[in-house]
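**Q** Below is the sequence, then the predicted model.
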Amino acid sequence: MLWYQIFSDGVEYEARVGKPFVPPDLTIKQVWEAVPKHLFKKSTTKSLLYLARHLLITYLFYVFAQNIDLIVSSLGGTPLARQVLKAVCWMGYWSFQGFAFAGLWCIGHDAGHGALSDYGIVNDILGLVLHASVLTPYHAWRFTHRAHHKATQSLERDETFMPFTRKDFKLPDGKVAVRMDYTEILEETPAFTLFRLFVRQFFGFQLYLLHNRKGNRRYPAYTSHYRPSSQLFKPSERSAIILSNISLLVMYTLLSMYIKSHGWNSAMKYYFMPWFFQHNWMVMFTYLQHSDPTIPYYRKSEWTFVRGALATVDRPVFGWLGRVLLYNIASDHLAHHFFSTIPFYNLPEVTKAIKPVLGEYYNYDSTGVLAALWRSFTQCVFIEDEGEILFYKNRAGEAIVDVDEKLKANRNGKPVDGTGQEEMIID
């Protein structure tokens, strides 16, 4: 990709824009049969080796940060040049260590799916430790994330990044609304848009865990992942929620001991700033997996597991860096939604195997990730309150993709019955 292309829409995205959408009628069986059986095999040893490599990378970033002053002073230059270089080094450390922290979270994510080992206890121990290390309640997140996989892009049952509707913004009926109506309600300055994006990127995940921000509104206000009695969980899951909270208390204790020994300044430089950047990267790739102007949402009469899984976009998030440090979580996410227990190191082969079956329903976007983030954040504004297959509309009340009602009618307009089939993939 040439440098200027990072600001341009990918050719795959452009091909979807304006193309009438016909909902897929593929079956899980078709997709399942395309994947070689050896790709389902997990290796505890291989997973642990990847984890060991990742911990080494994380430690080397930390060593670099400890020596920033020495590195900068050894290079000489004017005092101003040294200050600028030092600031660049610290920003680089926070960004790359944030990637490393996000990678720890991604490995814990695979543990939550049982994809690291054939032994459940190994997955849960690794998941608890890794997610606690980046202040995520492992089991609480695991339970709601599983619900997301079972109901992806279902407006009634999905768990997070739920879209606003016309009614939420108190917009006039779409049949009578004019451009000025949308402008008066939805228009905002670029500076305010950037501020909202900053808050969402750096604080959004913790706000979601704390009080279900951008979660499904079928739950009461301020529903929390930290409360064992929350409606997010079944009564049988409450002991696991308590265990997650205990693991976080242990991590808070370790951080308190570090702060007492080394001071707040060190804790902020070496841990909390990378932790904030970790959230930026995490929210970026999780948001872009399903939030896109060309990707549909479904209401219950049109939703199936297959359609939900296909409402996913694979993206080359930061190229090789994303593959090495984020473990294919963005580049092969569609395959992951069909086969969540397949280990991350086999997902590229799974993607290759299922692409011929999926055909035009395989969604890929080579748009530069920062441009894609801005595009989705500014164009994915709301959906309609009515309709069974819906696409985001922008601040002018326009969708760039519409359902092809004629072709849908010719194909009987009935979705494939996927009831219960998701269990075959997720369990």
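**A** Okay, I see it.

**Q** Return the set of buried residues in the helix or strand harbouring Val72.
**A** For Val72, the host element (DSSP states H and E) is helix 68-75. Buried residues in helix 68-75, defined by neighbour count with 16 or more other C-beta atoms under 10 Å: Ile68, Val72. In this view, the C-beta of every residue, glycine as well, is placed from N, C-alpha and C.

**Q** Buried ones in whichever helix or strand comes after it, by neighbour count?
**A** Note on helix 68-75: by DSSP H and E, the next helix or strand toward the C-terminus is helix 79-112. When burial is assessed from 16+ other C-beta under 10 Å, helix 79-112 yields the following buried residues: 85, 89, 93-112.

**Q** likewise stretch 122-137?
**A** Those would be 122-124, 126-137, for stretch 122-137 by 16+ other C-beta under 10 Å.

**Q** Which of the residues you listed fall within helices?
**A** Taking DSSP state H, the ones among the buried residues of stretch 122-137 that sit in helices are Val122, Asn123, Asp124, Leu126, Gly127, Leu128, Val129, Leu130, His131, Ala132, Ser133.

**Q** Lys393: which of these is nearest?
**A** Using C-beta to C-beta, His131 is the member of those that lies nearest Lys393, at 35.7 Å.

**Q** now, the most widely separated pair of the buried residues of stretch 122-137?
**A** Taking C-beta to C-beta as the measure, these span a maximum distance of 22.2 Å, between Val122 and Leu135.

**Q** can you give me the angle the helix holding Val72 makes with helix 79-112?
**A** Interaxial angle, helix 68-75 versus helix 79-112 (axes from the mean of the first three to the mean of the last three C-alpha atoms, to 10 degrees): 140 degrees.

**Q** What ranges in the protein fall below the confidence cut-off?
**A** 1-6, 407-427 (pLDDT under 70).

**Q** Just give me the residue right at the centre of it.
**A** Geometric centre of the chain, nearest residue: Thr286, 1.1 Å, by C-alpha atoms, centre = their mean.

**Q** gap between that one and Leu75?
**A** To Leu75, Thr286 is 38 Å away according to C-beta to C-beta, to the nearest Å.

**Q** how about the helices of the stretch 201-350 of the chain, start to end?
**A** 238-262, 264-267, 273-290, 305-310, 319-326, 333-338, 347-358 (DSSP state H, counting those that start in this stretch).

**Q** can you put the ones you listed in CSV and add distance to Phe161?
**A** Putting the helices of the stretch 201-350 of the chain into CSV (distance: least, C-beta to C-beta, whole Å) gives the following:
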stretch, distance to Phe161
helix 238-262, 22
helix 264-267, 31
helix 273-290, 6
helix 305-310, 13
helix 319-326, 18
helix 333-338, 14
helix 347-358, 22
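
**Q** so which of those helices comes closest to Phe391?
**A** Of all the helices of the stretch 201-350 of the chain, it is helix 273-290 that lies closest to Phe391, at 12.5 Å by C-beta to C-beta.

**Q** For the closest one, name the packing helices and strands.
**A** helix 79-112, helix 190-211, helix 319-326, helix 369-379 (3 or more C-beta pairs under 8 Å, 6 or more residues apart in numbering; DSSP states H and E).

**Q** TSV for the ones you listed, including distance to Val306?
**A** As requested, the helices and strands packed on helix 273-290 are exported to TSV (distance: least, C-beta to C-beta, whole Å):
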stretch	distance to Val306
helix 79-112	22
helix 190-211	27
helix 319-326	25
helix 369-379	23
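
**Q** Which of those helices sits closest to Tyr362?
**A** Nearest of the helices and strands packed on helix 273-290 (C-beta to C-beta): helix 369-379, 17.1 Å.

**Q** Give the buried residues for that closest one.
**A** Quick answer for helix 369-379 (16+ other C-beta under 10 Å): Val369, Ala372, Leu373, Arg375, Ser376, Phe377, Gln379.

**Q** so that helix versus helix 319-326, what angle?
**A** Going by the same axes, to 10 degrees, helix 369-379 makes 80 degrees with helix 319-326.

**Q** now helix 369-379: how far from the chain's centre is it?
**A** The chain centroid and the centroid of helix 369-379 are separated by 14 Å, computed with C-alpha atoms, centre = their mean, to the nearest Å.

**Q** and that helix, C-alpha only, in CSV?
**A** The C-alpha coordinates for helix 369-379 follow below in CSV (Å, rounded to 0.1, in the frame of the first residue of the first chain):
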residue,chain,number,x,y,z
VAL,A,369,-7.4,1.3,9.7
LEU,A,370,-7.4,4.9,10.9
ALA,A,371,-9.4,6.1,7.8
ALA,A,372,-11.8,3.2,8.3
LEU,A,373,-12.2,4.1,12.0
TRP,A,374,-13.0,7.8,11.1
ARG,A,375,-15.3,6.7,8.3
SER,A,376,-17.4,4.3,10.5
PHE,A,377,-17.5,6.7,13.4
THR,A,378,-18.8,9.6,11.3
GLN,A,379,-21.0,7.6,8.9
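
**Q** I'd like the numbering to begin with 313 instead of 1 from here.
**A** In the new count, where the first residue is 313, that last one comes out as helix 681-691.
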